[in-house]
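Undergrad: any chance you can model this:
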Amino acid sequence: MTTLKAKLQEDLTTAIRERNELHSSTLRLTLSAITNQEVAGKEARVLSDEEVLRVIAKEAKKRREAAEAFAQGGRPEQAARETAEGEFLDTYLPKQLTDDELIAIVAQAVAEAKAAGAEGPRAMGAVMKIVNPKVQGLADGGRVAAVVKQQLS
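TA: I've put the predicted structure just below:
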C-alpha cells in the first residue's frame, strides 16, 4: 500500500469519527477512484504515490468542473458543496505554480523551441513537450496551454 493512500484511509477514519460528512464522503469517492484505477486493466496492481496524486488531481478537477456546471445551472448550494470538496482534495496535492512562475517556465521553453527552429503558433506542440514534464501536477493543463498561446502570439 502506498503511503499517500494509507494517509487518505487514515484521514477517512478520522473524518468518520469526527462525523465530518463532507470530508468522509469526498475521501470515500477518492479512495474508490484509486481502487478503480488499481483494478483496471488485465491484472490488479498497487498505485505509486505519483499515480495516486494523479487520481486525486483528476478528482479535484471533476469537482471544479461540476461546481461550474451547477453554478451555471442555478444550483448554488450544490456548486458550493462541489467547490468545498475540490478545495479539500487540493490539500493533498502539491502547491500549484503561481502565474509568474508558470510564465517564467513557459518563456524559457519558448526560447528553447525558437532555438530549435520552431516559430509562431505552430510551435505550440514543441513548447508543450518542453513545458509539460516541468509542470506536471503543478499547474492545470488548460492554464499552461493558455500561457503558451499568449507567449507564442
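Undergrad: now the most centrally placed residue in the chain: how far from Ala67?
TA: For the chain, the residue lying nearest the average C-alpha position, counting by C-alpha atoms, centre = their mean, turns out to be Ala57 (2.9 Å). Separation of Ala57 from Ala67 (C-beta to C-beta, to the nearest Å): 16 Å. Heads up, the C-betas are built off the backbone N, CA and C, glycines and all.
Undergrad: please apply the same query to Lys134.
TA: According to C-beta to C-beta, Lys134 and Ala67 sit 28 Å apart.
Undergrad: please apply the same query to Gly41.
TA: When distances are taken as C-beta to C-beta, Gly41 and Ala67 turn out to be 31 Å apart.
Undergrad: do Val106 as well
TA: On the measure of C-beta to C-beta, Val106 and Ala67 end up 27 Å apart.
Undergrad: for the longest helix seen in the chain, buried residues please.
TA: As assigned by DSSP state H, the longest helix anywhere in the chain is helix 49-72. Judged by neighbour count (16 or more other C-beta atoms under 10 Å), helix 49-72 contains these buried residues: 51-57, 59-60, 62-64, 66-67, 70.
Undergrad: from those, pick the one nearest Ala146.
TA: Ala146 has its nearest neighbour among the buried residues of helix 49-72 in Arg64, at 15.5 Å by C-beta to C-beta.
Undergrad: was I right to think that closest one contacts Glu87?
TA: No - the pair Arg64 and Glu87 does not pass the contact test of C-beta atoms under 8 Å, sitting 9.3 Å apart.
Undergrad: quick one, helices of the protein?
TA: Taking DSSP H as the criterion, the chain contains helices spanning 3-17, 21-39, 49-72, 76-90, 99-115, 124-135, 141-152.
Undergrad: from the centre of the protein, point out the most distant residue.
TA: Gly117 (31.8 Å).
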